[in-house]
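Visitor: Got a predicted structure here, sequence first:
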Amino acid sequence: MATPLNLKELSKQEIRFTAGHRLCAGCAAPTVVKMILLAACDYPVVAASSTGCLEVSSCISTYTAWKIPWIHNAFENAAATLSGVETMYRALKKQGKIDRDIKFIAICGDGGTYDIGFQSLSGAMERGHDMLYVCYDNGAYMNTGIQRSGATPTFADTTTCPAGAVIPGKPQQRKDLTRIMAAHGIPYVAQASPSHWPDLMKKVRKAIETPGAKFINIFTPCNRGWRSRTDDAILLSRLAVETCFWPLYEVENGVTRVTVKPKEKKPIVEFLKAQGRFKHIFEPGREQMIEAIQQAIDKNWERLLKEEEISASGEKAE
Amino acid sequence: MTKVVAVTGNEAVANAFRQIEPDVCAAYPITPQTELMQRFASFVSNGQVKTELILVESEHSALSACVGAAAAGGRVATATSSQGLALMWEILFIAAGFRLPIVMPVVNRALSAPINIHCDHSDAMGARDSGWIQLWSENAQEAYDNTIQAFRIAEDMDIRLPVMVCYDGFIISHSIERIEYLDDETVKSFVGDYKPLFPLLDVDNPKSFGPLILTDLYHEVRKAHSETYKKVPQVVLRVAEEFEKISGRKYGFFEAYRLEDAEIGIVILNSAAGTTKDVIDEYRQRGVKVGLLKPRLFRPFPYEEIGNALKHLKALCVLDRADAFGGSYGPLYLDIAASLCNYSQKPLLINRIYGLGGRDYMPEQAAKVIEELMEIAKTGKVGSLKEYIGVRE
């Protein structure tokens, strides 16, 4: 029987990502990794990571924080690499050389997912490998020192689009990768946040129990890159959900469902003001920038609710 | 029992793959390799092999998936050419650094720009220092034989390294030749069962692949890696000896053709060696003491053995089907020169670049080189060290 996803039962499970890793104090990535592996606690897991914070901090010289088999190949190819591992598993299972039920999970940053690893991810998902790809999205190339990525939010200050007198941080909107992955028509796509851990773990559980290619995008605050307080990772994750900056939803077999709806949608200012990377947009005369961010969020949120409604009515019609 | 057939080089290698049945193969189309994996895909579709194919979206992913599959713990192969190999470049070093026994036929083709689909060796030469063993093949028979031996070499427990099997695009890949197939059972028992080493799929004994190693140990890890290659030549010879027993065909580090008593010589790789040997025969009939050396094991390069085989010559031309831009010499030339540099008595050397982008290598070109070498041997004078030959005027 599957282990219930409650604190009492989960506290009895082994943590398969050990203490002693070298991620920064206050980084949300190890929290996210532990949640993923706990949600998958009923199975042996083989994991892969792209080059990035998690990779360089979890396996150094003769030390590893991974109590499960784990592979890091390069920056842009975690999905292709894991698709190879999964294919070998199917090959050997078919030949009767393996009888275990093993799950395959890639855990990669947004640079390795939205940008340089996008082709590899798209290919692996299109081929339908039985694997879960998780992006821990901290919204920039944090490992190399906070350079903008396709996941960086509009107007955020990064080291390659620094807030200057002429250019006020990142001029472009962020890539909506979760929707792009849903457009691949794979059986399960979701967005999650460590602030809402039961929701996150339920999604991981559902994903690994679903055959085929799955994708989950997990909001992962980075205090170094966001210029936020070291102990604010979970608070910021919650604010991202409550302001609808990071809606929690899933697309299961094409049906969109918003899994957590904030009782009261908070203004985006609350999320922005807790982060130094948005400090410059609070300067006098830049009010329209905050307004523009708010409008973009409102528009996306309404579209998501509409999608959910259309999905639901489509389901009833069937 | 052997079977004599008339097939293309690609078909021969696809058939070697069918006989070996790797557990996983990744495939991505690129001319002139395409036909190889296409033929193999039909063996998969028809259930003639147990192989699982991964039809990836690029060569970068092809090799990345092979790295994952090999690390998972099974027999793995892919194939490529030209731009595909160039795109794999980053992962070539990782496959070798992880000591994964992946086998990859490289159907040699020119590199862009300008884009060109025909044969030269600039693709594989660009990958020569990536840590892959390279076996080069004159014809379809050698491509087939080298492919079978490549799995044994790659998977040898003393080395565990990836192997490229190089053969000429179109000239060999698409030309029909007479070759001898070994029977399926002979090939299967020669290659044997795959022995996994630290497989990722052994979930009860978890291993981490791909650590970060900085200034404390990187230097030592790379030295240890470098030492591994010293064991390769013996493995290559051991496998060749066993292969001779099942096939009657002899392989070594290189083929020496009428070289022992020669005064002048030519070093050349792959299909052009055949043409050269014919021209050498003609000159031998006229009393000219000319011979040829055709490297087979190009990486690791058997410097000592090749130097020994060539040092007695008076004049030697290294023919390169790849240039090294930036004012350097052809890659084969540089290695031949290095293999001779410490001998007090050694031939005068010249380097000629031929056949780029599929330009035909004609007997007249070989004859011209031989005439030039005769002159150098006679006068002791080298005119121009590096020249292109076969250039349209």
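Guide: Okay, I see it. Numbers count the residues shown, from 1 in each chain, chains lettered A, B, ... in the order given.
Visitor: near chain A, which residues of the stretch 201-350 of chain B?
Guide: B:201-204, B:206-214, B:216-217 (CB under 8 Å from any CB of the partner chain). In short, each C-beta sits where N, CA and C put it, glycine included.
Visitor: Residue in the stretch 101-250 of chain A with the shortest distance to chain B?
Guide: A:Gly123 (3.3 Å; CB to the nearest CB).
Visitor: Roughly how far does that residue sit from B:Asn308?
Guide: Counting by CB to CB, to the nearest Å, the separation of A:Gly123 from B:Asn308 is 49 Å.
Visitor: ok, the two, which is more surrounded?
Guide: Neighbour tally, A:Gly123 and B:Asn308, criterion other CB atoms under 10 Å in any protein chain shown: the higher count belongs to A:Gly123, 24 against 13.
Visitor: on contacts alone, who are the packing partners of the helix or strand hosting the more buried one?
Guide: In the assignment (DSSP states H and E), A:Gly123 maps to helix A:118-127. Packed against helix A:118-127, as judged by 3 or more CB pairs under 8 Å, 6 or more residues apart in numbering or on different chains; DSSP states H and E, are the following elements: helix A:78-94, strand A:131-137, strand A:213-219, helix B:59-72.
Visitor: can I assume B:Val4 is in contact with B:Glu180?
Guide: Yes - in terms of CB atoms under 8 Å, B:Val4 counts as a neighbour of B:Glu180; the distance is 5.5 Å.
Visitor: Can you name the residues that contact the closest residue to chain A within chain B?
Guide: Of all residues in chain B, the one sitting closest to chain A is B:Gly68 (2.8 Å; CB to the nearest CB). Taking CB atoms under 8 Å, 6 or more residues apart in numbering or on different chains, we find B:Gly68 in contact with A:Ala48, A:Ile71, A:Asn73, A:Ala80, A:Thr81, A:Leu82, A:Ser83, A:Gly84, A:Val85, A:Glu86, A:Thr87, A:Met88.
Visitor: quick one: contacts for the third one?
Guide: Listed by CB under 8 Å, 6+ apart, the contact partners of A:Asn73 are A:Ala48, A:Ser50, A:Ala80, A:Thr81, B:Ser64, B:Val67, B:Gly68, B:Ile91, B:Ile94, B:Phe209, B:Gly210.
Visitor: Also the fourth one?
Guide: With contact taken as CB under 8 Å, 6+ apart, A:Ala80 is in contact with A:Asn73, A:Ser120, A:Gly123, A:Ala124, B:Val56, B:His60, B:Ser61, B:Ser64, B:Ala65, B:Gly68.
Visitor: Quick one: mean pLDDT for stretch B:197-204?
Guide: Averaging pLDDT along stretch B:197-204 yields 98.
Visitor: How about stretch A:125-144?
Guide: 98.
Visitor: Could you check that stretch and say which residues are buried?
Guide: For stretch A:125-144, a neighbour-count test (16 or more other CB atoms under 10 Å in any protein chain shown) marks A:125, A:127, A:129-143 as buried.
Visitor: now do stretch B:87-102
Guide: Within stretch B:87-102, the residues that count as buried by 16+ other CB under 10 Å are B:87-88, B:90-102.
Visitor: Of these, which ones also sit close to chain A?
Guide: Okay, of those touching chain A (CB under 8 Å from any CB), that's B:Glu90, B:Ile91, B:Ile94.
Visitor: what residues are up against the residue sitting furthest away from the middle of chain B?
Guide: Seen from the C-alpha centroid of chain B, the residue lying at the greatest distance (CA atoms, centre = their mean) is B:Asp204, 38.2 Å away. Shown in contact with B:Asp204 (CB under 8 Å, 6+ apart): A:Pro44.
Visitor: Over to the one 5 residues further on?
Guide: If you count contacts by CB under 8 Å, 6+ apart, B:Phe209 has them with A:Trp70, A:Ile71, A:His72, A:Asn73, B:Ala71, B:Phe98, B:Leu200.
Visitor: For burial, what's the neighbour tally of the last one?
Guide: Under the neighbour criterion other CB under 10 Å, B:Leu200 is assigned a count of 30.
Visitor: Could you report the neighbour count for A:Thr62?
Guide: For A:Thr62, the count of nearby residues is 10 (other CB under 10 Å).
Visitor: for A:Asn217, same thing?
Guide: 25.
Visitor: before we move on, what about B:Ile350?
Guide: B:Ile350 has 22 neighbouring residues, counting by other CB under 10 Å.
Visitor: same check, this time on A:Ala28
Guide: When counting by other CB under 10 Å, one arrives at 24 neighbours for A:Ala28.
Visitor: any idea which residue sits dead centre in chain A?
Guide: Centre-most residue of chain A, counting by CA atoms, centre = their mean: A:Ile218, 2.4 Å.
Visitor: wait, isn't that one in contact with A:Cys135?
Guide: Yes - with contacts counted by CB under 8 Å, A:Ile218 reaches A:Cys135, the gap being 6.7 Å.
Visitor: Same question for the host helix or strand of B:Glu220: list its buried residues.
Guide: Per DSSP H and E, B:Glu220 falls inside helix B:218-228. Neighbour-count burial for helix B:218-228, counted by 16+ other CB under 10 Å, picks out B:Thr228.
Visitor: What of stretch B:200-216?
Guide: Those would be B:Leu200, B:Leu201, B:Asp202, B:Val203, B:Pro206, B:Lys207, B:Ser208, B:Phe209, B:Gly210, B:Pro211, B:Leu212, B:Ile213, for stretch B:200-216 by 16+ other CB under 10 Å.
Visitor: ok, the helix or strand encompassing B:Leu53: who's next to it in the sheet?
Guide: When elements are assigned from DSSP H and E, B:Leu53 belongs to strand B:52-55. For strand B:52-55, the pairing partners within the sheet under DSSP bridges are strand B:24-27 (parallel).
Visitor: what's the strand it pairs with in contact with?
Guide: A:84, A:87-88, A:91, B:17, B:37, B:40-41, B:44, B:51-56, B:61-63, B:65-66, B:69, B:74-79.
Visitor: same thing but at 7 Å, please
Guide: A:84, A:87-88, A:91, B:37, B:40-41, B:51-56, B:62, B:65-66, B:69, B:74, B:76-78 (CB atoms under 7 Å, 6 or more residues apart in numbering or on different chains).
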